[in-house]
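Asks: Here you go, sequence then predicted model.
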Amino acid sequence: EGKGKKRNPLHDFKKTGELMLIKVNKTLEVKTKLLNSTEQCAKRCSRNKGLSFPCKAFAYDRVTKRCHWLSFNSLTNGVRKKQDHAFDLYEKKDYVRNCIIGKGADYKGTISVTKSGIQCQAWNSMIPHEH
């Protein structure tokens with residue numbers, strides 16, 4: 001990220017080629033739009049621009065040049081994976097990575113047990129320990 005260079009918005013996403021997510025749970029939201037590049041899709045997803053939900057992933061249809069922004073990812077309940085040669089799936093790394101970076105303040109993953117297998121204490125609980 002030198003002087004004058006713009007950061008590629010795709011760096012925040014994990015790409016899985018030839019995969020689409022199908023929502024089984026009808027309450028999950030999707031928005032689509034014609035866009036020329038995956039970079040444009042990524043930028044809108046990262047900024048949640050024009051979306052009524054937090055964007056967790058997007059799928060880009062290479063044939064129709066259509067972006068599908070998703071309120072869910074491959075780890076969400078009520079979602080099915082489908083092999084599709086027209087699509088590339090891009091999931092926000094913050095939602096699919098199972099590691100903590102720094103103090104973990106922005107962690108959005110699914111791990112809720114310690115390394116030794118003990119259930120983590122809820123953030124809103126003072127039991128068994130005070131914060």
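Replies: Everything's here; your move.
Asks: mind listing what residue 17 touches?
Replies: 88-89 (C-beta atoms under 8 Å, 6 or more residues apart in numbering). (Glycine included, C-beta is placed from N, CA and C.)
Asks: how does it look with 10 Å?
Replies: Each residue near residue 17 by C-beta atoms under 10 Å, 6 or more residues apart in numbering is listed here: 62, 85, 87-89.
Asks: now swap in residue 55 and tell me
Replies: So residue 55 contacts 29, 31, 41-42, 44-49, 69-73, 92, 95 (C-beta under 10 Å, 6+ apart).
Asks: rerun at 7 Å
Replies: Residues in contact with residue 55 (C-beta atoms under 7 Å, 6 or more residues apart in numbering) are 45, 48, 69-70.
Asks: so residue 40 sits in a helix?
Replies: Yes: Residue 40 sits within a helix when classified using DSSP: H, G, I helix; E, B strand; the rest coil.
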